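Enquirer: Build me a model:
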Amino acid sequence: MFNTLKNAWKIPDLRKKILFTLMIIVVFRFGSVIPVPFLDAAALGTLMESANESALGYVNMLTGGAFANATLFAMGITPYINSSIIIQLLTVAIPPLERLAKEGEEGRKKIAAITRYTTVLLGLLQGTAFYFFLKNNGVTLFNTGFSAVFAAFIIVLAFTAGTALIMWMGEQINQKGIGNGISIILFAGIVARLPVTLGQVWEYFHAAIQQPQAFGKYFVFAPLFIILFLAVIWIIVFMNDAERRLPVQYAKKVVGRKMYGGQSTFLPIKVTMSGVMPVIFASSILSIPTTIQMFVNPTGGFAKFLSVFSSTGWLYSVLYLLLIVVFAYFYMTIQYNPIEMANNLRTNNGTIPGLRPGRPTAEFISKILSKVTLIGAMFLAVVAILPIIYGNVTGMQGLTMGGTSVIIMVGVALETVKQMESQMMMRHYKGFLD
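Expert: Residues are numbered from 1 along each chain as shown. Predicted coordinates:
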């Protein structure tokens, strides 16, 4: 990885792209500390002390701490992610959008424009929800009169503008930088929380040293968290490259005096074919109770019902696991069509050894896809739920680094390095052609 970065830095074009990406990350971090006006900073600090122990901690992690400080980028890139997911689902369900997706570059541009508008609307909705959350907890400076209406307008507008600006910066990275812009911004926010996580682990360890009788268990659990964190990274790297290879044999054919085909190859099926999307979508669905709590101030039985969906509870973990599996299978059906794959093999005179072309091949591919998807889904679910279980067993609640964030962080790093390698290889071949 470091070798790749070193070699990429030597190439002027790639160096410009890396510097541009770093500049966007710096701007993102500046926006994450610029406070929104008309908010009481002291009251906000007291309110968000326990944010990491609730479902709000997930949003705060993705924004690099901007959510807990109610800064310009408090909404982060979450509205854009949700918008992309919604439009992707509607592309399958609504025929006009499905036709747009199949129209090539022009269709993709129109879908991208629809995604942007949906992002702004979701940003407006989430910004309004966040405003009501702050108002209900006495964080806003004005509560009545024209000043309160003006303050509400400015606060919601600032949150929405921050979301639109992050979306624009992500697109600029796509065009002029290196890597996927949205993923890079997510990566920057998560990495920004690493020092906070290490500080929390050190506090647990320090408490065990100072008061061994009361907190002696943390003397083992705190270092164990670091070991577990490194082990999870290794597993994610291993699973990210894992694939099931289906052997394919192409028949020989003679054209003129030359013989074509006859070679053996394989059809790769990635274990983590849907990436981290099932985790992000599942967590977005489970954040709905938190969004409801932000709009209203629930009391009585309704408050108890919403508290059942706490991110540290057993029901949340079970629902999280089930939703990850469901959405992993959903994305598999979008990305892979066994019948189409079997037909393509038959058209190109390819067969899977021991199977007849057509329906038997399609059924075999479908069975393999189902098994591989289950393995990938369970891997994602275990990594996502492991920090929740670890926190409940050890009592180390409130750690800001969850399984989802580790998957995103490692996945983005690997993908960016691969993109650098491919661009360096492309430049190497261009040198030969020139």
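Enquirer: can you give me the strands in the chain?
Expert: All strands of the chain, identified by DSSP state E, fall at 243-250, 252-255, 258-261, 264-270, 350-351.
Enquirer: Out of these, which gets the lowest mean score?
Expert: Ranked by mean pLDDT, those end with strand 258-261 at the bottom, a mean of 61.
Enquirer: Helix or strand with the lowest mean pLDDT in the chain?
Expert: None of the helices or strands of the chain scores lower by mean pLDDT, DSSP states H and E than strand 258-261, at a mean of 61.
Enquirer: Share the number of residues neighbouring Thr272, please.
Expert: When neighbours are defined as other Cβ atoms under 10 Å, Thr272 has 23 of them. For glycine as for every other residue, the C-beta is placed from the backbone atoms N, C-alpha and C.
Enquirer: From the opening residue of stretch 304-321 to its closing one, how far?
Expert: Start and end residues of stretch 304-321 are separated by 23 Å (Cα to Cα, to the nearest Å).
Enquirer: for Ile24, what are its contacts?
Expert: By Cβ atoms under 8 Å, 6 or more residues apart in numbering, Ile24 lies in contact with 169, 172-173, 177, 181, 184-185.
Enquirer: Let's see that with 10 Å instead.
Expert: Shown in contact with Ile24 (Cβ atoms under 10 Å, 6 or more residues apart in numbering): 166, 168-170, 172-173, 176-177, 181, 184-185, 188.
Enquirer: One more: Ile233?
Expert: Counting by Cβ under 10 Å, 6+ apart, Ile233 touches 406-407, 409-410, 413.
Enquirer: Could you rerun that using 6 Å?
Expert: Val410 (Cβ atoms under 6 Å, 6 or more residues apart in numbering).
Enquirer: what does Thr140 give?
Expert: Leu134.
Enquirer: For Thr71, see how far away it is.
Expert: Thr140 sits 15 Å away from Thr71, taking Cβ to Cβ, to the nearest Å as the criterion.
Enquirer: Before we move on, what's the pLDDT of Thr144?
Expert: Predicted confidence (pLDDT) for Thr144: 66.
Enquirer: can you check Leu399 too?
Expert: Looking at Leu399, its pLDDT is 63.
Enquirer: Just the mean pLDDT for stretch 225-235, thanks.
Expert: The pLDDT scores in stretch 225-235 average 85.
Enquirer: Start the count at 392 instead of 1 going forward.
Expert: From this message on, residue numbering opens at 392, which makes the last subject stretch 616-626.
Enquirer: ok, back up a step: could you identify the buried members of the contacts of Ile415?
Expert: The neighbour-count test (16 or more other Cβ atoms under 10 Å) marks 557, 560-561, 563-564, 568, 572, 575-576, 579 as buried among these.
Enquirer: Which of the residues you listed fall within helices?
Expert: Among these, the residues falling in helices (DSSP state H) are 557, 560-561, 563-564, 572, 575-576, 579.
Enquirer: Next, give me the two most distant ones among those residues.
Expert: Greatest spacing in these, by Cβ to Cβ: Gln563 and Ala579 (13.9 Å).
Enquirer: where does Tyr727 fall, phi/psi-wise?
Expert: When quoted as degrees, to the nearest 10, the phi and psi of Tyr727 stand at phi -120, psi 130.
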